[in-house]
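Peer 1: Using only what follows, build the 3D model:
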Amino acid sequence: MRRSRADSAQRSDRDESISLRRTLAAVKFFHADDVRFHDVAESAETAQPGDLVVYRIGKSDPSELIAQALARGAAGILTEQLLPCPLPQCIVGDVELAMADITARMLNHPDRRMLTIGVIGSAGKTTTSLLISSLLRGSGARTAYQTDLGECDGIVQSVAHDSVPAGASLVQWLGDAIDSQCQAAVVELSDNDARHGLYDAVEFDILVVTGTGNVSCDFGPSGLQCLLERLKPTGVVVSSADDAKALRVIRDSDHRVVTYGLKARADLTAKIIDQSGGMTTLMITQGDTSAIMETALCGAAMASNHAAAAVVGMLIDQPMNHVAEVLSQLRSIPGRVQRMADV
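Peer 2: I've put the predicted structure just below:
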């Protein structure tokens, strides 16, 4: 795997190996009490002495992988099933989830070294993520973001070609953001990925719930409930006061919650004053402080997205007038045929 530059240099200086026993929970070892390694091989064919080789069922021939791992001096094999091989093996329930934890350990948990914000909900995730990113940049923080329309590592913006990363790919991207000297990262989250544990290697400072939070699931906890477990002890949930079901679930988790709303009483409210000429005029109010803003993103749903983003501004101690000014500057949501640089 690709390490961040700073962490690679630091580990090279210390010649530190990584212990799978200390990194992963609920695993079994065969032919050894632990597997210690220096890097994860991209493939068994390219493994270097002391590397960890990963066997993904159905992705490679196990016999060839074993032969290559033995010949190239691999430290051990990470696998979901025991292989007929004398090398030390670490047996896990899900290789991809294990790789996310391993990547986080190798990159020194990049999510813990910057403000990490996740955005989840039934609608408005992309818009809210871009609004929050604009607000953070407006506060002077170099900000990375990931949405299903595009991404930025804090320096280079690009249109997305694949789905928003999760698991080890997300951790790697967060490591790249740290390399780019980012102070914050905003990630659009998938309910399905959350339920499958693909964010379990990441801790969030702020979790923003847009639209309505999906709090019911036929099998197991909902994505929102899973993500609440990934919130740092000092973390904050930003949720709509108009979504009583989601609020009940959030408050049962004992996390701090800050609400926004268009109808119900909330910590921060947004009121549509006028809609004409392709523009919406909003009044955003927090306590006894209000600010007026205009936006080309029209309608009640967009007003709710602006309110959710404005709460983040409130949490990072930005003046309400400044929050309104910055949020009004996002004039459109880029599509896949629009250059991200135009935003």
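Peer 1: Need the CA coordinates for the helix or strand containing residue 248. PDB is fine.
Peer 2: Using DSSP states H and E, residue 248 maps to helix 244-252. C-alpha atoms of helix 244-252 as PDB (Å, rounded to 0.1, in the frame of the first residue of the first chain):
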ATOM      1  CA  ALA A 244     -38.000  13.600  15.200                       C
ATOM      2  CA  LYS A 245     -37.000   9.900  14.600                       C
ATOM      3  CA  ALA A 246     -33.400  10.700  13.900                       C
ATOM      4  CA  LEU A 247     -33.100  13.000  16.800                       C
ATOM      5  CA  ARG A 248     -34.400  10.400  19.200                       C
ATOM      6  CA  VAL A 249     -31.800   7.900  18.000                       C
ATOM      7  CA  ILE A 250     -29.000  10.500  18.300                       C
ATOM      8  CA  ARG A 251     -30.000  11.600  21.800                       C
ATOM      9  CA  ASP A 252     -30.200   8.000  22.900                       C
END
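Peer 1: what mean pLDDT would you report for that helix?
Peer 2: Averaged over helix 244-252, pLDDT sits at 92.
Peer 1: tell me what the very next helix or strand once past that helix is packed against?
Peer 2: The first helix or strand that comes after helix 244-252 along the chain, using DSSP H and E, is strand 256-261. Applying 3 or more Cβ pairs under 8 Å, 6 or more residues apart in numbering; DSSP states H and E, one finds that strand 256-261 contacts strand 231-240, helix 244-252, strand 268-276, helix 300-315. From N, CA and C alone the C-beta is placed, and that goes for glycine too.
Peer 1: can you give me the angle strand 256-261 makes with strand 231-240?
Peer 2: 20 degrees (axes from the mean of the first three to the mean of the last three Cα atoms, to 10 degrees).
Peer 1: Distance from strand 256-261 to the middle of the chain?
Peer 2: Strand 256-261 has its C-alpha centroid displaced from the chain centroid by 20 Å (Cα atoms, centre = their mean, to the nearest Å).
Peer 1: For that strand, which strands pair with it and how are they oriented?
Peer 2: Here strand 256-261 is paired, per DSSP bridges, with strand 231-240 (parallel), strand 268-276 (parallel).
Peer 1: Could you pull out the buried residues of that strand?
Peer 2: For strand 256-261, burial by neighbour count (16 or more other Cβ atoms under 10 Å) applies to 257, 258, 259, 260, 261.
Peer 1: Stretch 272-281 too?
Peer 2: Across stretch 272-281, burial judged by 16+ other Cβ under 10 Å covers residue 280.
Peer 1: who touches that stretch?
Peer 2: 262, 282-283, 292-300, 302-303 (Cβ atoms under 8 Å, 6 or more residues apart in numbering).
Peer 1: From start to finish, how long is it in a straight line?
Peer 2: 6 Å (Cα to Cα, to the nearest Å).
Peer 1: still on that earlier bit, between the contacts of stretch 272-281, identify the one with the most neighbours.
Peer 2: For the contacts of stretch 272-281, the largest number of neighbours (other Cβ atoms under 10 Å) sits with residue 282, at 27 neighbours.
Peer 1: Show me where the protein has its helices.
Peer 2: Along the chain, counting by DSSP state H, helices occupy 5-14, 20-23, 62-71, 95-106, 125-138, 167-179, 191-195, 223-228, 244-252, 300-315, 320-327.
Peer 1: quick revisit: in TSV: the contacts of stretch 272-281, plus pLDDT.
Peer 2: Formatted as TSV, the contacts of stretch 272-281 follow (pLDDT from 0 to 100):
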residue	pLDDT
262	94
282	96
283	97
292	97
293	96
294	95
295	94
296	92
297	92
298	91
299	91
300	93
302	94
303	95
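Peer 1: contacting residues for residue 51?
Peer 2: 37, 38, 39, 40, 41, 72, 74, 75.
Peer 1: Let me know whether residue 172 touches residue 100 as I believe.
Peer 2: No. Judged on Cβ atoms under 8 Å, residue 172 makes no contact with residue 100 at a distance of 9.4 Å.
Peer 1: low-confidence ranges in the stretch 51-200 of the chain?
Peer 2: 161 (pLDDT under 70).
Peer 1: again, only this time at 90
Peer 2: 122, 149-150, 156-163 (pLDDT under 90).
Peer 1: Can you report how many residues lie near residue 109?
Peer 2: Counted with other Cβ under 10 Å, residue 109 comes out at 17.
Peer 1: any idea how far it lies from residue 175?
Peer 2: Going from residue 109 to residue 175 by Cβ to Cβ, to the nearest Å gives 9 Å.
Peer 1: In this structure residue 166 contacts residue 197, no?
Peer 2: No. Using Cβ under 8 Å, residue 166 makes no contact with residue 197, being 9.5 Å away.
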